[in-house]
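I would like the atomic coordinates for the input below:
(2 chains)
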Amino acid sequence: MRQRLEPNRRAFLKTCAAGAMLVGGTHGLRAFLTAREKTKVVFARDLQLRGAGSSLDSGRLLKMLDRAMQALYATDSPLEAWKKVAKPGEVVGLKVNGLAGRGISTSVLLVEVVCARLQDAGIPQKDIVIWDRLNADLERSGFRVATYQDHVRCFGNETLGYEEDLAIYGSVGSCLAKTLTQVCDAVINLPVLKDHGIAGVTMALKNMFGAIHNPNKYHLNVGDPYVADANMLPPIRQKVRLHICDATTAQYEGGPSYMPQWTWPCNSLLVSRDPVALDFVGWQMLEQKRAEKGMKSLRALGRAPDYIATAADANHRLGTNDPSQIEKAEV
Amino acid sequence: MSKSSNARKGEASFSSDGTRRGQGANDALPRDSVLVSLSRLEASEHDRRTFLKLASVPCLTACVGSCMAGWPSLAQGAGSTAAEDSRFIVEAQFYEKLPFKKIRCKLCPRECVIDDRERGYCGVRENRGGSYYTLVHSRVCAAHIDPIEKKPLFHFSPGSLAFSVATAGCNVNCKFCQNWDISQSRPEQVRNTYLPPKDLASVARQNHCPAIAYTYSEPVVFYEYMRDAAEAGHALGIKSVVVSGGFIQQEPLKKLCQSVDAIKVDLKAFSEKYYKEVVNGELKPVLEAIVTMRKLGMWAELVYLVVPTLNDSEAEFRALAQWIKSNLGAEVPLHFSRFYPQYLLNNLPPTPMETLERAKAIADAEGLYYVYLGNTPGNAAENTYCPKCRRIVVERIGFTVKEMHLRKGKCEYCQQPIAGVWQ
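Predicted structure coming up:
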């Protein structure tokens, strides 16, 4: 009897899920999934990522990314996983973080392997756009600004400018980068794992400040609720599909500027579809490292990133910060 | 993307087309203000200076013309080159160097601590390698000729014109800002023209403006330019007036008061709660700044934008008036200004006239001599009345002075001195 009942129960749940999707749209789906299954944050690590030297090994980085993607999407091949991220015909934006220049910015090598896998999945070069706030930031972090129509493009927000209309959610009113609103169909968020002297930490959620024209206005109160509110702006909420946090090198103090004395070769990637869960996991990693180094916690210093909890609350539902709901898969 | 003109807290939406309702509001960027008259810029000498002046004219004209057409536009704000940028970059006058190339800004009470390559809250000052720079010196994004009454300054050379300029940036973020498209932007996101202090003073004089007004955004954030321009103006007999939120530290304020001739302060409310939630600033340092201005003999007028449900209680009006009388003096003009839905406060109605009249009645009853209503064209409370004989000494219609009955700063009917700068 039990074996016969189980499929029925499953069918019932599926029916409910479909109903929830129809009624509640993406919010309903997100709420349903949150209730039904844990959100996954893949922690991929390769202690040999740098070999004997200090530079990253591109082959090992690609393999690490593949393991992470397969684990996240529960597929047998990286290609299958990437096909779930974007479809041919879509323009995919890669939002990197180049603020601190070489040292603690999204690594060019990581972006290259992501581009390679996107192309494997059928996204042509011309439909891949690497972008950040400023051309200068991109150049200082090792990217070459380029706007060729038939190649991978790479440029800062100033190239296309910002929308004239104000996008508003809660405490945030901003003009969004046209790269996001008019160029990209999908966005892969590629932040770095690092400390932030004002906002506590900067990872997936905070990296999207690079899509608004006035981020300087939203660092008050350790970024709470501004970081969460900015991520609720429809183009950000709707287009960002995947977060790949570059933790090949991480920084636990002194950010967002590059402070080599406080970085360590973490040789890792954090990959998730849930920016809140990813940020929560990353924050704990930074706290752990701070504790190892005998430093005070961010909470004790008055800069705990409570915007992560806000992003998870009932008004935002951008993901979960509940450890019991986060599955940290190590690969 | 969907659009909505009524963005309520908690709802994602986009604003309406960005037109400024309540045009004609106090120091909103004008759409149809007086054009800079090119004919007045005729040079008498055909020398290098003349050439430079003439060369600057198209820039200014473009700027003004664009403003009238709704410019500046963020979308059109693309890039200055590095070479162009260097003209605008001057080391900031008030900051403190910290370890690890950080700095602490000492210009406004916010005291931003800023990492290398980062900017402060204002968006126009940047840490470059452990030194702090303003990015907006001579970087003008708006220039217009306005009546001085539009600032509003009602007791300072009434009927005169002010050559009014702004740069991008602001050190607060008022939810009702009518010029948010420049005040909440970075300089590279708006169109700018290069207008160094001497050229600004020269253009003001050639356009018969006895004063330069630093306005529209927040002059505190272009402090160095403002002081340099004020000094250049004084060399040509041009005065300087400042339209500010007064959110500035004491030391830079005291130095500023040595350079300018009048300050209009937007006292946005009389509660810290409002300053925190609506302005993103603090009331206390603003009040301290106003007291300092008065102590230093600066002519100051106050504007209080009355926002329905947020700062319009009788208790607040009364407390405000009492504080002004006891800390600044009854002769300091107070302008209660009408709110129109703007920016992030599109969900509120315009201020009811009854509320404004109630505010004025309370301030009058508390003993303030000069209480005005603003953004209410044609209202009798736009006039200046002699506090002794109650007759009209300056009659206004909107921003236009219709009649003046003052002689050497005194009421021509009863000889009562009328506080102000009348020459």
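
torsion angles phi and psi at residue 287?
By default, I'm working from chain A. Backbone torsions for residue A:287, taken as degrees, to the nearest 10, come to phi -60, psi -40.

oops, wrong one, chain B.
phi -60, psi -40.

list the contacts of it.
If a contact means C-beta atoms under 8 Å, 6 or more residues apart in numbering or on different chains, then residue B:287 has B:267, B:323, B:327 as its contacts. For every residue, glycine as well, the C-beta is placed using N, CA and C.

how about the residues of the stretch 201-331 of chain A near chain B?
For the stretch 201-331 of chain A, the residues in contact with chain B (C-beta under 8 Å from any C-beta of the partner chain) are A:213-214, A:216-217, A:219-220, A:232-235, A:237, A:254-257, A:259, A:315.

roughly how far does residue B:273 sit from residue B:409?
From residue B:273 across to residue B:409, the span is 40 Å (C-beta to C-beta, to the nearest Å).

so for those two, which residue has more residues nearby?
residue B:409 (14 against 11; other C-beta atoms under 10 Å in any protein chain shown).

pLDDT at that one, what is it?
Per-residue pLDDT puts residue B:409 at 96.

now swap in residue B:378 and tell me
Residue B:378 is given a pLDDT of 87.

could you do the one 4 residues further on as well?
pLDDT recorded at residue B:382 is 96.

can I assume it is in contact with residue B:375?
No - with contact defined as C-beta atoms under 8 Å, residue B:382 and residue B:375 do not form a contacting pair (10.0 Å).

around chain A, pick out the residues from the stretch 201-350 of chain B.
B:280, B:343, B:344.

can you tell me which of these lies nearest to chain A?
residue B:344 (4.8 Å; C-beta to the nearest C-beta).

for that closest one, give me its contacts.
Per C-beta under 8 Å, 6+ apart, neighbours of residue B:344: A:166, A:168, A:173, B:7, B:175, B:176.

residue B:293 belongs to a strand?
No - under DSSP: H, G, I helix; E, B strand; the rest coil, residue B:293 falls outside any strand and is assigned helix.

chain A versus residue B:121, what's the distance?
As judged by C-beta to the nearest C-beta, to the nearest Å, residue B:121 and chain A stand 6 Å apart.

do the same with residue B:279
For residue B:279, the distance to chain A - C-beta to the nearest C-beta - is 12 Å.

with residue B:356 instead?
Taken as C-beta to the nearest C-beta, the span from residue B:356 to chain A is 27 Å.

give the contact list for that residue.
Counting by C-beta under 8 Å, 6+ apart, the residues that residue B:356 touches are B:306, B:336, B:338, B:373, B:376, B:381.

most neighbours out of those, which is it?
Result: residue B:336 is most packed of the contacts of residue B:356 (other C-beta under 10 Å), 28 neighbours.

low-confidence ranges, the chain, go.
No chain specified, so I'll use chain A. Across chain A, the ranges flagged by pLDDT under 70 are A:1-36.

ah, no, chain B please
Using pLDDT under 70, chain B drops low at B:1-26, B:29-84.

show me the helices in it, by range?
With helices called from DSSP state H, chain B shows them at B:48-68, B:82-86, B:180-183, B:197-206, B:223-235, B:250-257, B:272-274, B:283-295, B:314-327, B:353-365.

flag every buried residue along the last one.
Applying a neighbour-count criterion of 16 or more other C-beta atoms under 10 Å in any protein chain shown, one finds B:355, B:356, B:358, B:359, B:360, B:362, B:363, B:364 buried in helix B:353-365.

end to end, how far does stretch B:107-114 reach?
13 Å (C-alpha to C-alpha, to the nearest Å).

try stretch B:116-135
OK, stretch B:116-135 end separation, C-alpha to C-alpha: 15 Å.

distance from it to the middle of the chain?
On the basis of C-alpha atoms, centre = their mean, to the nearest Å, stretch B:116-135 sits 23 Å off its chain's mean C-alpha point.

go through it and flag the buried ones.
B:116-127, B:132-135.

could you dump the residues of the stretch 201-350 of chain B next to chain A into TSV with distance to residue B:146 added?
Listed next are these as TSV, based on distance: C-beta to C-beta, whole Å:
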residue	distance to residue B:146
B:280	27
B:343	21
B:344	25
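
please, a PyMOL command that selects the buried ones among the contacts of residue B:287?
Of the contacts of residue B:287, the buried ones can be selected in PyMOL as follows, counting by 16+ other C-beta under 10 Å:
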select buried, chain B and resi 267+323
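
just the contacts of residue B:287 now: which is nearest chain A?
residue B:267 (21.4 Å).

per-domain residue ranges of chain A.
Following automatic domain parsing, chain A resolves into domains at A:1-37, A:40-330.

reformat those as CSV; add distance to residue B:218 and mean neighbour count.
What follows is the domains of chain A, written out as CSV (distance: least, C-beta to C-beta, whole Å; neighbours: other C-beta atoms under 10 Å in any protein chain shown):
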stretch, distance to residue B:218, mean neighbour count
domain A:1-37, 38, 11
domain A:40-330, 13, 21
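
residue B:333: neighbouring residues, count only.
So residue B:333, with other C-beta under 10 Å, has 24 neighbours.

regarding residue A:149, what is its secondary structure?
coil.

ok now do it, which residues does it touch?
residue A:126.

now residue B:227: closest residue in space that isn't a chain neighbour?
Leaving aside its sequence neighbours, residue B:227 sits nearest to residue B:259 (C-beta to C-beta, 6 or more residues apart in numbering or on different chains; 4.8 Å).

distance of residue A:146 from residue A:293?
Taking C-beta to C-beta as the measure, residue A:146 falls 40 Å from residue A:293.

what of residue B:218?
41 Å.

do residue B:158 as well
Residue B:158 is 65 Å from residue A:293, by C-beta to C-beta.

can you pull the contacts of residue 283?
I went with chain A, as the question did not name one. Going by C-beta under 8 Å, 6+ apart, the list of residues near residue A:283 reads A:200, A:201, A:203, A:298, A:305, A:308.

that's the other chain; I wanted chain B
By C-beta under 8 Å, 6+ apart, the contact list for residue B:283 reads B:269, B:270, B:271, B:272, B:274, B:275.
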